[in-house]
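> Structure for this input, please:
(2 chains)
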Amino acid sequence: MKKFSWRLVIVIGVILAAFVYVLPSFKPALWPHKKINLGLDLQGGMHLVLEVDTEKAVEGTVERIAQELKDQVKKERIRNISIDRIEGSKISVIIRDPDNVAEFDKLLDKDFKDLRILSRSNDGGNLVITMDLPDKRTEQIKKMATDQALETIRNRIDQFGVSEPDIRRQGEKRLLIQLPGIKDTKRAKELIGRTAQLEFKLVDETHDLDAALEGNLPPGSQILYQVKVDALTHRTSKTPFLIKKRSLLSGAYLTDASVQIDSQYNEPYVGIDFNRKGARIFERITGANVKKRLAIVLDNKVYSAPVIQEKISGGSARITGNFSTEEARDLAIVLRAGALPAPVNIIEERTVGPSLGSDSINKGLISVCIGGILVVFFMIIYYKTSGLIADFALILNILLIAGGLAGFQATLTLPGIAGIILTIGMAVDANVLIFERIREEMSLGKTPRAAVDAGYARATLTILDANVTTLIAALVLFQFGTGPVKGFAVTLSLGVIASLFTALVLTRAIFDYLLINRKIKTISI
Amino acid sequence: MQFIKPDVNIDFIGKRKIAFIISSVMILISIASLIIHGGPRYGVDFAGGTLIQVKFLNPTAINDIKSGLDTIGLKKSSVQMFGAADDNEYLIRTDKSLMTDREFSEEVSQALKFSTKNDLEIRRIEMVGPQVGKDLREKALFAMFFSLLFITIYISGRFELKWILSGVMAGALMSAVYFLSLFHVSTPFLIGAALVVTLILFWFLKLKYAMGAIVALIHDVSITVGIFSICGKEFTLPIIAALLTIIGYSLNDTIIVFDRIRENSRKNQKNPLHAIINRSINETLSRTILTSLTTLTVVVCLFVLGGGIIHDFAFAMIIGILVGTYSSVYVASPILIAWQGQKKQK
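Numbering: from 1, shown residues only, chains lettered A, B, ... in the order given. Have a look, this model is predicted:
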């Protein structure tokens, strides 16, 4: 009698808890608990894996150090020396005047201690030094680049406005991004993937552009293009510019970027504000280069190259370029959120349209219902009243899985629904095992109560053993899986645990109730 | 109602030689098919590439779709019908995976609209880069291997109380696999070698229950893979999920028979082992058939009603359940007798 009551308490408690968790998924107004999460394959959306090109971040740092070295050398008036970044992330220094070596070494020791010297050799009277960054520092830069990319992209997505995005790091340099329910995938990708490296550079007006286009590139300059798309004819036009390589000011000094409308042409542009240091630099470069053209370069594309009319103080500028309002808004977002420390590449993309998602849900639910009904009928026909008890357990089983999904905030995917269907088939297994045992015991001539006791006692261990192995497979699957497959592992594990509970605790409680409280003398099995 | 009468006594063990021949032939056919087809046919998940699912408003000829793809440089793509005929849905698959250009899906949509003169909706795009595909392939193999390993530890622990022995062995195997993977040994080779070593170890350590289970599992998985290869179906992530579930399911069956064997051999130790095994299989036969039937019922429902995306998954499960049921009766249990033969020879 006592044994019976604790089972009943547990059963009722678990059922109530499952109800509490499941109900908000159907009637959200009842109480504030989150609904069952639907995976991207069911509700539509986009799954992206990005790889951060961390090598480029290292190159960028080395380039900056090389630039600093050049500046210092110039400041200290060390002449006949050339400094270049070679082979990606190495700095090569060639000193042509032996008298300058001592001075250069002094400079290196003073300000550039963290450079590692790879080789130092004499090449026909010139001293050639190659340097790079120590491995530890490189690793650090790479790690920082990934972390920073993650933060920046999260910022951009937050500002873009996606409900419940999932952004996380995956391995060393990969980022996993899930955007449920997103419709304009093209725009989202553009927003996420853009490096958004904003630079202000002078136009090289002392050299001939045509000569440069023919391959006669003056040192220190490069050719960049301005790309324009005509809104009416969809034609793209590319205008080349000869731009000095040296970046005078970058987007790192931005404090704000916002969409504004030009009152004269009624065209949107992006207004940017610099912080105090940026404003000072901007004032200085505009003051020093009056009547020259300053190019605004974003990700190596020229947006505009206006002539500086006068010194600009106050620290604000505008980026124009035939934007649509949407483009201007997205540009403002990426500028505000900051540049990515290194370019990112999309290496995996899965997009599911919303209509396909709802199709999948419908088909999945129909399969669950039909499969369930067939099994329910089968059990009643085969085991009669006991079958009915097993069916009751089966329905509770599904309720428990749903409750588990909601309770753990797990995600239901299409393979997850397949997992539920599979559990329906396998959940009756535990009951079949018990019932077959009870039948065996009864055929040995035991009373119903003794047969039920013996049946459960014998079958319990078998059921545990059999289900633990399925659980092991499910856990490995969870470890290995991504997205949909993980969802399958979740429902399968929940199903196994639920079926253990319903078979060993719930149906036992019902049998006990019938045999002890109702004192029935025969069981129909 | 009862399908199987309680006093049923079929001589399963006596027919083990026939079963052995059937199983061997099926495995050989599977391997042959894999060799002829040059390995399993990988889907985009594992091979890398792009998959596009398009739904047209009206019936459309495949050739029109192909000519549309030609115009945007996707000449080598394969186009096949997807789902029911009146859905007008098609799967387009290309080997190119670097089409992350922003305009890509729009480009495809425009080109197809023009060539088929039909309105359409792009319902799904899956793009997997070659590196990701390779990573997933390795992860899948490792997942299969580790689940097999963990399961066998559990079995030898529970059935033979050799927790420590099997644990140490598994630890050694895992560290060996990890150590070798540092030297960039190709993963399929690595896993294959690890499996062979595992089998040899089981044999010499006389972990017979674990041996029976793992042989049955390898049997089930390789036959399922073989049938997939013969049918020309693709391996994708959900199929790996199906294979792992088959491992779990088939084991379920096997363990229930083993459990009965353990119980019966405690009860009457005088009987010869093959008689005990045969009796145990007969006693559990009713349950084996019932559970397989109910599971098969729901999986067939899924196969018929679940829609195109889950179709192959359900197909794999159907094969797996059939083969898994067969193997727990005819493969796993007879292996327990293998050691007996060895003793007699001495």
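> Indicate whether the top helix by length along chain A makes contact with chain B.
Using DSSP state H, we find that the single longest helix of chain A is helix A:354-407. Yes: using Cβ under 8 Å from any Cβ of the partner chain, helix A:354-407 reaches chain B at A:355-356, A:359-360, A:363-364, A:366-367, A:370-372, A:374-375, A:378-379, A:381-384. Where C-beta positions appear, they are placed from N, C-alpha and C, glycine not excepted.
> Just the buried residues of these.
A:356, A:359-360, A:363-364, A:366-367, A:370-372, A:374-375, A:378-379, A:382-383 (16 or more other Cβ atoms under 10 Å in any protein chain shown).
> could you list every residue that touches the nearest residue in space to B:Asp64 that is not next to it in sequence?
Spatial nearest neighbour of B:Asp64, excluding adjacent residues (Cβ to Cβ, 6 or more residues apart in numbering or on different chains): B:Thr116 at 4.3 Å. Listed by Cβ atoms under 8 Å, 6 or more residues apart in numbering or on different chains, the contact partners of B:Thr116 are B:Phe56, B:Thr60, B:Ala61, B:Asp64, B:Ile65, B:Gly68.
> which among those gets closest to chain A?
Checking those against chain A by Cβ to the nearest Cβ gives B:Phe56 as the nearest, at 13.3 Å.
> so how many other residues sit close to the residue nearest to that closest one when sequence neighbours are not counted?
The shortest distance from B:Phe56 to any residue other than its chain neighbours is 4.3 Å, reached at B:Asn88 (Cβ to Cβ, 6+ apart). B:Asn88 has 18 neighbours, counted by other Cβ atoms under 10 Å in any protein chain shown.
> check contacts around the spatially most central residue of chain B.
The centre of chain B sits closest to B:Leu243, judged by Cα atoms, centre = their mean, with a distance of 2.9 Å. Residues in contact with B:Leu243 (Cβ under 8 Å, 6+ apart) are B:Met144, B:Val221, B:Thr224, B:Val225, B:Ala316, B:Gly320.
> quick one: the longest helix of chain A to chain centroid distance?
Helix A:354-407 has its C-alpha centroid displaced from the chain centroid by 34 Å (Cα atoms, centre = their mean, to the nearest Å).
> Give me the residues contacting the next helix or strand after it.
Once the chain leaves helix A:354-407, the next helix or strand it forms, by DSSP states H and E, is strand A:411-412. Here strand A:411-412 makes contact (Cβ under 8 Å, 6+ apart) with A:Ile36, A:Asn37, A:Leu38, A:Gly39, A:Leu42, A:Leu405, A:Lys486, A:Gly487, A:Val490, A:Thr491.
> TSV for those, including neighbour count, secondary structure and pLDDT?
Output for the contacts of strand A:411-412, formatted as TSV (neighbours: other Cβ atoms under 10 Å in any protein chain shown; DSSP: H, G, I helix; E, B strand; the rest coil; pLDDT from 0 to 100):
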residue	neighbour count	secondary structure	pLDDT
A:Ile36	20	coil	81
A:Asn37	20	strand	82
A:Leu38	23	strand	85
A:Gly39	25	coil	85
A:Leu42	26	helix	87
A:Leu405	24	helix	89
A:Lys486	21	helix	84
A:Gly487	30	helix	85
A:Val490	25	helix	89
A:Thr491	28	helix	90
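> list the contacts for the nearest residue to A:Ile86 once chain neighbours are set aside?
The shortest distance from A:Ile86 to any non-neighbouring residue, by Cβ to Cβ, 6+ apart, is to A:Ser92 (4.7 Å). Going by Cβ under 8 Å, 6+ apart, A:Ser92 touches A:Ile83, A:Asp84, A:Arg85, A:Ile86, A:Val128, A:Ile129, A:Thr130, A:Met131.
> which two in the buried ones among the residues of helix A:354-407 next to chain B are spaced the farthest apart?
A:Leu356 and A:Tyr383 (40.0 Å; Cβ to Cβ).
> In a helix, A:His122, correct?
Careful, residue A:122 is Asn; it's not His. No: with DSSP: H, G, I helix; E, B strand; the rest coil as the criterion, A:Asn122 is assigned strand and is not in a helix.
> how many other residues sit next to it?
Applying other Cβ under 10 Å, I find that A:Asn122 has 9 neighbouring residues.
> now the residue nearest to A:Ile86, what's its secondary structure?
The three-state label given to A:Ser92 by three-state DSSP is strand.
> Report the beta-bridge partners for it.
A:Asp84, A:Thr130 (DSSP bridges).
> what's the neighbour count on A:Ser304?
16.
> Just confirm it contacts A:Gly321, I think it does.
Yes: with contact defined as Cβ atoms under 8 Å, A:Ser304 and A:Gly321 form a contacting pair (6.1 Å).
> need the helices for the stretch 1-150 of chain B, in chain order.
Secondary structure of the stretch 1-150 of chain B by DSSP state H, counting those that start in this stretch: the helices cover B:16-36, B:44-47, B:62-71, B:104-116, B:130-160.
> Switch those over to JSON lines; also include mean pLDDT and distance to A:Ala145.
Shown next, in JSON lines, are the helices of the stretch 1-150 of chain B (pLDDT from 0 to 100; distance: least, Cβ to Cβ, whole Å):
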{"stretch": "helix B:16-36", "mean pLDDT": "92", "distance to A:Ala145": "42"}
{"stretch": "helix B:44-47", "mean pLDDT": "87", "distance to A:Ala145": "28"}
{"stretch": "helix B:62-71", "mean pLDDT": "84", "distance to A:Ala145": "37"}
{"stretch": "helix B:104-116", "mean pLDDT": "81", "distance to A:Ala145": "26"}
{"stretch": "helix B:130-160", "mean pLDDT": "83", "distance to A:Ala145": "18"}
